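Got a predicted structure plus its sequence, pasted below:
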Amino acid sequence: MSVALVFPGQGSQAVGMGKALADAFAPARRVFEEVDAALSDKLSAVMWNGPAETLTLTENTQPALLAVSLAALRVLEAEAQRAERASNQGIRVIRCDVAKSVAQVVTGDVSARRKRRGSGDVGEDQTERQQ
């Protein structure tokens, strides 16, 4: 049996995304805590409470979608491992190399985000918001 995981892209963000997942599953909650810590910002608050105009800024949307995707993956992994232990039938867990790549993407995004803020180059999205 093959399993494919499809992760959302820009345009699928919505205020409240990931909140139910974080409320229900500790692995998801940890992902959002790690993202907030890595960004030195409460991205989860923007994701869960809005406003939508702030969430839809590319600098927020991209890491937010990545965080929700990783949170869902971590929950899937944890639940699959739990099911495997319970069944003891060797359920095969198929993983993406997302976990490794995510660290690189988040680190790169955080770095780029900090550079934009520090240099005053806020980009189109920020410029529109300031007007």
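Yep, that arrived. Residues are numbered from 1 along each chain as shown.

contacts, neighbours, all on C-alpha from now
OK.

tell me which residues of stretch 5-20 are tucked away?
Neighbour counts over stretch 5-20 (16 or more other Cα atoms under 10 Å) mark 13, 14, 15, 17, 18, 19 as buried.

Could you verify my assumption that the fourth one touches residue 68?
Yes: in this structure, residue 17 sits in contact with residue 68. The criterion is Cα atoms under 8 Å, and the distance is 7.3 Å.

how about low-confidence regions in this protein?
Scanning the chain with the threshold set as pLDDT under 70 gives 1, 82-131.

Which stretches in it count as helices?
Secondary structure of the chain (DSSP state H): helices located at 19-24, 26-39, 43-49, 52-55, 58-87, 98-119, 123-130.

Against residue 11, how distant is residue 62?
10 Å (Cα to Cα, to the nearest Å).

Can I get stretch 15-28 in PDB? Just the C-alpha atoms.
Output of stretch 15-28 as PDB, limited to C-alpha atoms (Å, rounded to 0.1, in the frame of the first residue of the first chain):
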ATOM      1  CA  VAL A  15      -7.700  32.100  10.700                       C
ATOM      2  CA  GLY A  16      -8.000  29.300  13.200                       C
ATOM      3  CA  MET A  17      -5.900  26.800  11.200                       C
ATOM      4  CA  GLY A  18      -4.100  24.300  13.400                       C
ATOM      5  CA  LYS A  19      -5.900  25.300  16.600                       C
ATOM      6  CA  ALA A  20      -8.100  22.200  16.900                       C
ATOM      7  CA  LEU A  21      -5.000  20.000  16.100                       C
ATOM      8  CA  ALA A  22      -3.000  21.800  18.800                       C
ATOM      9  CA  ASP A  23      -5.800  21.500  21.300                       C
ATOM     10  CA  ALA A  24      -6.300  17.800  20.700                       C
ATOM     11  CA  PHE A  25      -2.700  16.500  20.300                       C
ATOM     12  CA  ALA A  26       0.500  17.200  22.200                       C
ATOM     13  CA  PRO A  27       2.800  16.600  19.300                       C
ATOM     14  CA  ALA A  28       1.000  19.300  17.300                       C
END
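
I appreciate the help and will end here.
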